[in-house]
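**Student:** based on what follows, work out the 3D shape:
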Amino acid sequence: SFGLWGITLLMGLLSVFFVCLFFSSAFAVDRGNFKTCDQSAFCKRQRAFKPGQSPYRALLETLELSDSRLTLQLINDNNKVHLLLELYRLQGNMTRVKINELKPLKPRFEVPDVLIAEPPTDLSVLSKDDNGVVLSLGAESQRLIVSARPFRLDIMEGPEVLLSLNSRGLLAFEHLRLRKDTNKEEDGLWEETFKSHTDTKPNGPTSISLDFSLPGVEHVYGIPEHADDLKLKTTDGGDPYRLYNLDVFQYELYNPMALYGSIPLMLAHNTQRTMGIFWLNAAETWVDISSNTAGKTVFGKMLDFVQGSSEKPQTDVRWISESGIIDVFIMLGPKPSDVFSQYASLTGTQSFPPLASLGYHQCRWNYNDQEDVKSVDQGFDQHDIPYDFIWLDIEHADGKRYFTWDPHKFSQPKEMLQGLMDKKRKMVAIVDPHIKVDSGYKIHNEITSKDFYVKNKDGGNYEGWCWPGNSGYPDFTNPEMRAWWASMFAYDQYEGSMENLFTWNDMNEPSVFNGPEVTMHKDALHGKWEHRDIHNMYGLYVQMATAEGQIQRSGGAERPFVLTRAFFAGSQRFGAVWTGDNAAEWDHLKISIPMCLSLGLVGVSFCGADVGGFFKNPSTELLVRWYQTGAYQPFFRAHAHLDTTRREPWLFGPENTALIREAVRQRYALLPYWYQLFFQAYRTGMPVMRPLWVDYPKDTATFTIDDEFLIGSDLLVHPVTEEGSRGVTAYLPGAGEVWYDVHTFQKHNGAQNLYIPVTLSSIPVFQRGGSIIPRKDRVRRSSACMENDPYTLYVALSPKKFAEGKLYIDDGHSFNYDTKKEFIHRSLTFANNALTSSNLCPDCNFLTSSWIEKVLILGASKPSKVVLKMNGKETPVDFEFDSSMSVLTLRKPGMNAGDDWTLLLQ
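**Tutor:** Just a heads-up that it's a prediction; the model follows:
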């Protein structure tokens with residue numbers, strides 16, 4: 001029987017459970033501050049519609065076709081409201097679908113400033129009858145079918161449906177109306193209250209919804225920012241994924257709650273094709289995902305297989321937004337790289353960062369004063385750890401008045417900046433978009449006199465509570481306001497600033513401590529538009545204006561560096577993003593990987609997480625593991641909360657200092673590779689840090705992996721993210737490929753799960769056989785000190801004894817690579833026992849004093865001699881061969897990194 005012992009055990013377990021519950025909830029988001037779908041009136045209304053027959057039909061007699069687009073009216077048979085459908089076929093295998101009211105009472109918001117250009121179009125009709133229209137999508141067998149009754153769109157390739165719109169009948173468009181014409185005063189149509197805040201909704205209900213079906217798809221990704229797995233989960237039985245930029249204090253992991261940024265782009269992937277759905281809307285948005293394979297156990301799937309189930313997997317997605325219009329871009333790939341370039345052609349690529357910003361950043365809230373900054377800076381030199389940027393949080397300013405310095409703690413900012421410049425280092429200072437309401441503060445007075453503040457619903461300046469106390473919020477949607485803001489970064493305006501001072505935009509969701517959901521009231525006004533229409537773009541505009549200010553202060557010569565917390569589609573054009581206020585917990589270290597992978601998939605390559613965790617104090621082991629992980633993520637910055645104990649890298653004993661030093665040095669050695677990848681991202685839109693499936697799109701084993709990742713195509717990283725770990729299992733992809741451990745040069749076959757024993761010093765990293773990676777192996781105190789250092793080439797041979805790579809060099813900081821073609825771009829190829837460097841840009845001009853000091857060839861055979869062929873001359877080269885590891889080392893071949901040359905192995 002269960003008996004007393006069982007009851008005692010149960011009671012003990014329960015008490016442990018409640019203690020755990022208390023401790024976990026004592027340090028977690030206050031969910032009550034943030035809405036669920038049920039508490040968001042438009043989401044609740046839209047979600048109440050169930051799949052079924054759509055009330056919309058297409059009025060084919062209204063069809064008009066021009067070179068660029070097809071227009072057609074839709075009618076809702078329930079309320080007789082007419083909508084206007086516009087279809088565009090865009091160059092590069094994309095289709096754009098716009099739906100608006102045919103005759104709205106007043107204009108509905110359409111998102112500006114995100115698309116970099118109006119995409120080029122062309123279109124032709126293949127056939128038309130009473131049931132619908134068939135359009136050609138350019139590619140041989142691709143067609144777009146418009147069905148009239150009920151209205152739906154299908155994109156086909158040959159006999160296969162790639163994607164359908166409104167196939168579940170969830171198109172719903174709440175038209176603008178007069179309040180007196182509303183049948184019943186339903187909750188939340190014309191007014192909505194959440195906690196103590198009332199949203200007056202002067203325009204009434206304006207929400208929109210559309211469903212998309214993806215036959216053959218089981219894996220969807222993207223729509224950041226969420227603290228969740230890389231592969232998106234189905235939302236049946238829970239809340240949809242929410243996109244609404246919010247300052248979420250102490251966010252929880254593994255749920256669909258909104259966070260600081262929103263990019264409404266979803267990728268769908270299977271072994272045949274990758275596609276994208278870009279929902280261009282800046283209002284609060286919810287995304288529902290359902291799937292016919294979700295919830296099936298492995299046994300159920302096996303049973304289907306045995307019984308020959310004909311059900312094809314399918315994922316259904318539904319987008320719901322509070323206002324605006326339906327404006328959606330469908331990217332048809334077919335390869336992952338095609339989707340990246342398609343999205344980049346719409347919203348732009350990752351801005352090319354200054355080289356120094358790819359180094360290590362040291363930050364906390366707050367370095368106390370100039371002495372503190374100086375002593376931290378000296379600490380890095382004393383402990384021989386390189387760094388490039390030291391950061392100042394909100395306490396550096398005079399009473400949190402941004403663009404100023406505390407007169408006691410930072411009385412000589414130029415002296416401080418000069419001290420850093422003498423060591424070839426830089427600083428970032430925070431400039432937040434909430435402005436202290438204070439008549440003695442120049443910035444506030446100018447914004448007031450120019451009437452640049454966001455207005456409240458009654459037309460007065462909107463005010464809310466933030467770090468400085470009572471604050472105004474500049475209207476960054478206004479281009480004149482942005483131009484003025486940019487002008488404030490000029491050296492004669494921003495007193496104490498110098499060319500090595502850069503900027504951090506925090507709190508730009510915007511964060512309003514006493515506002516609904518800690519943000520701005522939706523009925524606040526930006527000119528004629530409500531805040532509800534533009535909310536998710538506010539942060540993008542802040543970063544845009546700040547980056548522009550940095551460019552202008554140098555007369556357009558120097559690249560900016562701006563970090564932002566809030567973001568939207570297109571934010572990649574203006575700088576870097578971090579994952580916000582994480583915590584010093586192992587799960588937060590783990591989640592940094594899928595969070596940055598998700599951002600990379602939607603255009604934002606320059607992503608990182610606070611190393612060590614922002615809240616709480618990390619154990620020494622966690623801190624070391626976080627440095628080891630962060631060193632292999634694009635944006636590498638340590639940061640910590642005001643209340644945490646100091647955690648500069650040398651404060652944990654010499655053994656741990658050495659481990660952190662080693663991780664940071666590995667980052668610096670690989671800077672040439674990182675820099676070349678960011679050049680590629682800027683040119684093509686390819687993510688820098690990426691999931692394995694991007695490079696192995698047919699390997700289903702990679703589709704859900706998010707505890708390891710690729711940097712470019714050539715480095716695979718599996719950080720150790722478990723406490724007390726003795727070993728990790730890494731999946732090495734690629735049947736018939738090989739991977740080399742970058743630390744030991746041990747060779748491993750692809751398409752296997754490899755168990756790797758680890759100690760506290762281990763960072764499992766592998767170089768792909770078939771690749772060439774340039775490194776700079778000399779240790780300096782910052783990236784600028786390495787400028788003229790020589791290169792070592794790591795040539796990892798494929799089983800067919802082939803390898804290729806690239807080398808990119810420029811001045812590291814100016815726009816001359818773009819305006820004057822001043823850069824070196826070289827192709828490195830190993831084939832037929834010869835390593836050759838050839839010029840990828842013959843009309844470029846740039847000189848480097850860096851030379852090639854060493855070449856390591858992994859997987860090599862021993863040659864009898866090695867000869868350098870250059871400028872018509874042949875010279876012998878010294879070499880060593882390690883037969884146990886098959887590594888050939890060529891010492892001091894001595895050619896300039898910018899020259900043509902060939903090394904022959906004979």
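**Student:** just the pLDDT at Leu13, thanks.
**Tutor:** We note a pLDDT of 43 for Leu13 in this prediction.
**Student:** now swap in Ile223 and tell me
**Tutor:** 99.
**Student:** count of neighbours near it?
**Tutor:** As a burial measure, Ile223 scores 28 neighbours (other CB atoms under 10 Å). C-beta coordinates here come from the backbone N, C-alpha and C atoms, glycine included.
**Student:** please apply the same query to Val431.
**Tutor:** There are 23 residues near Val431, going by other CB under 10 Å.
**Student:** same deal with the one 4 residues further on?
**Tutor:** Here the number of neighbours of Ile435 (other CB under 10 Å) works out to 24.
**Student:** tell me what it is bridged to.
**Tutor:** Beta bridges link Ile435 to Gly472 when assigned by DSSP bridges.
**Student:** is it true that it touches Asn470?
**Tutor:** No - counting by CB atoms under 8 Å, Ile435 does not reach Asn470; the two are 10.1 Å apart.
**Student:** what's the end-to-end length of stretch 786-804?
**Tutor:** By CA to CA, to the nearest Å, the extent of stretch 786-804 from end to end equals 24 Å.
**Student:** list of residues touching stretch 235-243?
**Tutor:** When contacts are defined by CB atoms under 8 Å, 6 or more residues apart in numbering, stretch 235-243 is touched by residues 36-37, 43, 47, 223, 226, 232, 255-258, 262-264, 284-290, 294, 318, 320, 536.
**Student:** next, the buried residues of that stretch.
**Tutor:** Thr235, Asp239, Pro240, Tyr241, Arg242, Leu243 (16 or more other CB atoms under 10 Å).
**Student:** among the residues you listed, which one sits closest to Ser884?
**Tutor:** Tyr241 (51.7 Å; CB to CB).
**Student:** skip the chain neighbours and tell me the closest residue to Lys865.
**Tutor:** Excluding the flanking residues, the one nearest Lys865 by CB to CB, 6 or more residues apart in numbering is Gln906, at 5.2 Å.
**Student:** and that neighbour, how far from Gly724?
**Tutor:** Counting by CB to CB, to the nearest Å, the gap from Gln906 to Gly724 is 51 Å.
**Student:** same question for Ser849.
**Tutor:** From Ser849 over to Gly724 (counting by CB to CB), the distance is 47 Å.
**Student:** more neighbours, these two?
**Tutor:** Counted by other CB under 10 Å, Ser849 and Gly724 do not tie: Ser849 has more neighbours, with 11 against 7.
**Student:** I'd say the more buried one and Tyr791 touch.
**Tutor:** No - taking CB under 8 Å as the definition, Ser849 is not a contact partner of Tyr791, at 11.6 Å.
**Student:** may I ask which helix or strand of the chain has the lowest mean pLDDT?
**Tutor:** Least confident element among the helices and strands of the chain, by mean pLDDT, DSSP states H and E: helix 3-26 (a mean of 39).
**Student:** pLDDT at Pro119, what is it?
**Tutor:** 80.
**Student:** contacts only, for it.
**Tutor:** Applying CB under 8 Å, 6+ apart to Pro119 gives the contacts Tyr88, Leu90, Gln91, Gly92, Met94, Arg96, Ser345, Leu346.
**Student:** so it lies in a strand, does it not?
**Tutor:** No - judged by DSSP: H, G, I helix; E, B strand; the rest coil, Pro119 forms no part of a strand; its state is coil.
**Student:** which residue is the nearest non-sequential neighbour of the residue nearest the centre of the chain?
**Tutor:** The residue lying closest to the centre of the chain (CA atoms, centre = their mean) is Leu599, at 2.5 Å. The spatially closest residue to Leu599, leaving aside those adjacent along the chain, is Cys607, at 4.4 Å (CB to CB, 6+ apart).
**Student:** mind showing which ranges of the stretch 401-550 of the chain have poor pLDDT?
**Tutor:** By pLDDT under 70, the stretch 401-550 of the chain has no low-scoring segment.
**Student:** just the helices in it please.
**Tutor:** Shown for the stretch 401-550 of the chain, the helices assigned by DSSP state H, counting those that start in this stretch span residues 413-422, 442-450, 479-487, 531-534, 538-553.
**Student:** switch the ones you listed over to TSV; also include mean neighbour count and distance to Val111.
**Tutor:** Converted to TSV, the helices of the stretch 401-550 of the chain look like this (neighbours: other CB atoms under 10 Å; distance: least, CB to CB, whole Å):
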stretch	mean neighbour count	distance to Val111
helix 413-422	17	38
helix 442-450	15	25
helix 479-487	17	15
helix 531-534	25	8
helix 538-553	24	10
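**Student:** who wins for proximity to Met275 among those?
**Tutor:** Comparing those under CB to CB, the one sitting nearest is helix 538-553, at 24.7 Å.
**Student:** list the helices and strands the closest one packs on?
**Tutor:** For helix 538-553, the helices and strands in contact under the criterion 3 or more CB pairs under 8 Å, 6 or more residues apart in numbering; DSSP states H and E are helix 479-487, strand 501-505, strand 562-564.
**Student:** now distance to His361 too, for these, in a markdown table please.
**Tutor:** Shown next, in a markdown table, are those (distance: least, CB to CB, whole Å):
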| stretch | distance to His361 |
| --- | --- |
| helix 479-487 | 24 |
| strand 501-505 | 10 |
| strand 562-564 | 9 |
